[in-house]
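Student: quick check, what structure comes out for this input:
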Amino acid sequence: MKKTLVFSLLALSLLACKKEDNNDDGTNSNEAPKVVFRLKLDPNQERTDNLGNPATVPANHGAQDPSYNAFSIHYIELAQNAYTQLQDGEVCYIGAQTTAGGDNAIDYDKAIRVNDGEVLAEIPIADLKADTYEWIRVSVSYQNADIEFRANGIDATATLACFLGFNTYITDHVIKTQTETVNSNKLQGYWALEIHPNDVIQNPIVSTGESGQITVPNPLAATSPIPPGSCVLTGDFDQDLVITGNETEDIIVDVSFSTNKSIEWYDAAQNNIFEPLDGDSLVDMGIRGVKPIVVQ
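Tutor: Residues are numbered from 1 along each chain as shown. As a prediction, the model looks like this:
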């Protein structure tokens, strides 16, 4: 995919002060109330297609649940209803961007990388419009996860680094132990795979590639579409997020992403075992849905 999404730069002040008197959920009881977005990675959440419909793995494909090491988002927007167009809702967060590689791109070096249960972003409630929000939009930009594969009859583990954002400028990045130097922009679907040493392989092996198929679920495609290549997932709140502007405590929102068989490959042997030396090839690394859950 060669289409890119250029987000308007947003001057957004995020709280970065040193934490003191933390609550059990990691929030600070001494700060002004915030909306705290936390990451949840759920392999049991419903697996959906680009339109948000339930999706099974095609007959000639294999798929597995990855084991995550790191995860990044680039954009969070709250949408009032199904007709709210992209960027017309309450844009809460946009990550760092750069033109160092030419076209506007996500700045990988400045991206915040977290893992399951950690905070994605904290937004002061005073900075948000008082309203009722039914939907969330989140752009996923990066994921790093361990996957299982088989080579020469040996079952082993590899680490897969995937860049899912509309465009990402990468100087270099560490896959697991190996550093891959890029120094350029990479469109959605760029990946790097590091095979870990095992009984057969004495040293790490790195390979790179690009996938032209990245699933980006949007149940509102008919009323509020997203541009191809943007990786902006859309999901409805379990209960509407109501912001009055009079809150005295934090609002905690778990942003739950479906990682249900999210690593998918063409399966030559149709045995659901990833065997890259025997004709299997990665075809899709897209997140399979997002569900925002208001915790408090």
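
Student: for residue 111, which non-adjacent residue is closest in space?
Tutor: With C-beta to C-beta, 6 or more residues apart in numbering as the criterion, residue 111 has its nearest non-adjacent residue at 4.5 Å, and that residue is residue 72. Backbone N, C-alpha and C define where each C-beta goes, glycine included.

Student: do you know how far the one you found is from residue 126?
Tutor: 26 Å (C-beta to C-beta, to the nearest Å).

Student: next: residue 251.
Tutor: For residue 251, the distance to residue 126 (C-beta to C-beta) stands at 12 Å.

Student: so those two - more neighbours on which side?
Tutor: Applying other C-beta atoms under 10 Å to residue 251 and residue 126 shows that residue 251 carries more neighbours, namely 20 against 10.

Student: report the contact partners of that one.
Tutor: Contacts for residue 251 (C-beta atoms under 8 Å, 6 or more residues apart in numbering) come out as 33-36, 125, 241, 243, 294, 296.

Student: flag the least confident of these.
Tutor: In terms of pLDDT, residue 296 ranks lowest among these, with 78.

Student: tell me how many other residues crowd it.
Tutor: 10.

Student: which strands or helices does the particular helix or strand that has residue 72 in it pack on?
Tutor: Applying DSSP states H and E as the criterion places residue 72 in strand 67-79. Contact partners of strand 67-79 among helices and strands, from 3 or more C-beta pairs under 8 Å, 6 or more residues apart in numbering; DSSP states H and E: strand 34-42, strand 90-94, strand 119-124, strand 131-151, strand 232-243.

Student: need the residues that contact the first one.
Tutor: Strand 34-42 is touched from outside by 15, 25, 27, 68, 71, 76, 92-93, 114-125, 128, 241, 243, 250-260, 293, 295, with contacts defined as C-beta under 8 Å, 6+ apart.

Student: and the pLDDT for the residue nearest the centre of the chain?
Tutor: Residue closest to the average C-alpha location in the chain (C-alpha atoms, centre = their mean): residue 140, at 2.9 Å. With respect to pLDDT, residue 140 scores 97.

Student: mind listing what it touches?
Tutor: By C-beta under 8 Å, 6+ apart, residue 140 lies in contact with 71-74, 164-165, 231, 233, 257, 287.

Student: from residue 86, how far out is residue 215?
Tutor: Per C-beta to C-beta, residue 215 is found 18 Å from residue 86.

Student: cool, and residue 247?
Tutor: For residue 247, the distance to residue 86 (C-beta to C-beta) stands at 26 Å.

Student: the more surrounded of those two?
Tutor: residue 86 (21 against 17).

Student: quick one, what contacts the closest residue to residue 270 other than its chain neighbours?
Tutor: Closest residue to residue 270 apart from its sequence neighbours, by C-beta to C-beta, 6+ apart: residue 60 at 6.5 Å. Going by C-beta under 8 Å, 6+ apart, residue 60 touches 266-267, 270.

Student: most neighbours, which of these?
Tutor: Most neighbours among the contacts of residue 60, by other C-beta under 10 Å: residue 267, with 23 neighbours.

Student: nearest spatial neighbour of it, skipping sequence neighbours?
Tutor: Nearest non-adjacent residue to residue 267, counting by C-beta to C-beta, 6+ apart: residue 62, 3.7 Å away.

Student: so what's that neighbour up against?
Tutor: Contacts of residue 62 (C-beta under 8 Å, 6+ apart): 264-265, 267, 270-274, 280.

Student: and residue 175, how close does it get to residue 76?
Tutor: Using C-beta to C-beta, residue 175 is found at 27 Å from residue 76.

Student: likewise for residue 130?
Tutor: Look at residue 130 and residue 76: by C-beta to C-beta, they are 18 Å apart.

Student: between those two, who's got more neighbours?
Tutor: residue 76 (25 against 12).

Student: so in terms of bridging, what pairs with that one?
Tutor: residue 93, residue 138 (DSSP bridges).

Student: where's it relative to residue 68, distance?
Tutor: Applying C-beta to C-beta to residue 76 and residue 68 gives a distance of 19 Å.

Student: next: residue 146.
Tutor: Between residue 146 and residue 68 the distance, using C-beta to C-beta, works out to 8 Å.

Student: same drill for these two, tell me which one is more crowded.
Tutor: A direct count of neighbours by other C-beta under 10 Å for residue 146 and residue 68 places residue 68 higher, at 18 against 15.
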